[in-house]
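Peer 1: here you go, sequence then predicted model.
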Amino acid sequence: MVQMVLPVLVRRALALASSSVLPPRRLLDFLVQSAHANQFYLLNHVPDLFDGDMVIFSAARSEDDYESSHKQNWRPYVAGNITVHSVDCSHNEMIVSLSKYSEQLKLSLEGALTSRLHVDKF
């Protein structure tokens, strides 16, 4: 997992450096500190098994091989079903592309809530 994260960070840093407008120094320092902290947490984290279902909304236009294998990557940590919805955008466009998948997200959340209410009644 760590091997996958570092190349992504390097590519993003190079993309930032090659753009004509660099982010403010404070933001760049914060990004570097966050990357270091995240690496530390990633190396020391031992995940539990999640006893439920998982819904993933994945960027279809991804530069990373990691994005294309979500089910396989998450399977050891999820006991329930894993559903992956592909969204026609890049990873960095996911927030601004919310309209492309908002209805499916709403249905997924409503389905999870309905299932939970049904289980809690028994």
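Peer 2: The structure has been received and is ready for your questions. Numbering: from 1, shown residues only.
Peer 1: and the residue lying closest to Glu93 once chain neighbours are set aside, bridged to which residues?
Peer 2: Computed as Cβ to Cβ, 6 or more residues apart in numbering, the closest residue to Glu93 that is not its neighbour in sequence is Ala59, at 7.2 Å. Using the backbone N, CA and C atoms, a C-beta is placed for each residue, glycine as well. On the basis of DSSP bridges, Ala59 is bridged to Val87.
Peer 1: what number of residues lie near Ala59?
Peer 2: 18 (other Cβ atoms under 10 Å).
Peer 1: with the one 3 residues further on instead?
Peer 2: Around Ser62 there are 15 other residues, counting by other Cβ under 10 Å.
Peer 1: same check, this time on the one 10 residues further on
Peer 2: Residue neighbour count, defined by other Cβ under 10 Å, stands at 9 for Gln72.
Peer 1: just name whatever secondary elements the host helix or strand of it is in contact with.
Peer 2: Assigned by DSSP states H and E, Gln72 belongs to helix 70-74. With contacts taken as 3 or more Cβ pairs under 8 Å, 6 or more residues apart in numbering; DSSP states H and E, helix 70-74 sits against strand 54-59, strand 82-87.
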